[in-house]
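Student: okay, sequence plus prediction incoming.
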Amino acid sequence: MNQNSESGNYKKYTSKNPLMGIVTSKFMKDLSETITPLENINNIIDIGCGEGFIVNCLNRTDITGVDISKNALDIAKRKNPGCNFCTGSVYDLAFKKNSFDLVIATEVLEHLESPKKALQEIKRISKNYCIFSVPKEPYFRTMNFLRGKNLTRFGNDIEHVQNWSSGEFVKLIGTYFNVVEVKKPFPWTMVLCRK
């Protein structure tokens, strides 16, 4: 992948910045610790899987990854042999109702014009558990601004069209799912819920 085609996600997870490494490692650890105790998880889908960093972290072969970027999926496939990856949109997933024991959508909803439509589609394919995460605002934007990123947008990533505080995000998720646990690995809000 050349430098001009690297996604923000790819740059974040491959950053040489030690602080970024600590932050993303803590996020991955919290995600893994949230999933480990869940019972009867035989198949997982990672929606908006990007280059497969989350899939790789979980180290399982019962994961399906879906993303709109074919370039990202090519990297994900190389990084995670044995897993199933396909192109698709969170608004129209090509899976039957109740297909997955666990649906993961980390750092997806803030990129969407219609997050409620996406949540309805995720609920349709979910059999039991879901994990969502989004940047926790205003901290995420403030952190970006202080490190000189996206200054003209006051720290807001150009790809982010939604911004939620932890409370706002938990309330949104609670309208579609039963919230089981909320974690706040800085600077994100992570929500485990059941259908």
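Tutor: Right, received. Where do you want to start? If you're wondering where the values come from, they're calculated on a predicted model, not measured in any experiment.
Student: output the lowest mean pLDDT helix or strand found in this protein.
Tutor: Within the chain, no helix or strand scores below helix 139-146, which has a mean of 57 by mean pLDDT, DSSP states H and E.
Student: alpha carbons only: can I get the following helix or strand past it in CSV?
Tutor: Using DSSP states H and E, the helix or strand that follows helix 139-146 in sequence is helix 166-174. Output of helix 166-174 as CSV, limited to C-alpha atoms (Å, rounded to 0.1, in the frame of the first residue of the first chain):
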residue,chain,number,x,y,z
SER,A,166,-20.3,8.8,26.0
GLY,A,167,-23.8,9.5,27.5
GLU,A,168,-25.3,10.4,24.1
PHE,A,169,-23.8,7.3,22.5
VAL,A,170,-25.0,4.9,25.2
LYS,A,171,-28.5,6.4,24.9
LEU,A,172,-28.5,5.9,21.1
ILE,A,173,-27.4,2.3,21.4
GLY,A,174,-29.9,1.7,24.2
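Student: what's the mean pLDDT across helix 166-174?
Tutor: For helix 166-174, the mean per-residue pLDDT is 96.
Student: buried set for that helix?
Tutor: 166, 169, 170, 172, 173 (16 or more other CB atoms under 10 Å). No exception for glycine: its C-beta is placed from N, CA and C like everyone else's.
Student: closest one to residue 66 out of the residues you listed, please.
Tutor: Relative to residue 66, the closest of the buried residues of helix 166-174 is residue 173; by CB to CB it sits at 19.6 Å.
Student: the closest one and residue 180 touch, don't they?
Tutor: No: using CB atoms under 8 Å, residue 173 is not in contact with residue 180, being 10.4 Å away.
Student: got any residues that touch both of these two?
Tutor: Both residue 173 and residue 180 are contacted by residue 193, under the criterion CB atoms under 8 Å, 6 or more residues apart in numbering.
Student: residues making contact with stretch 87-94?
Tutor: 47-48, 66-68, 70, 73, 86, 105, 108, 112, 114, 117-118, 121-122, 124-125.
Student: quick one: the strands in the protein?
Tutor: Using DSSP state E, the strands of the chain run over 44-47, 63-67, 84-87, 100-106, 126-135, 178-183, 188-194.
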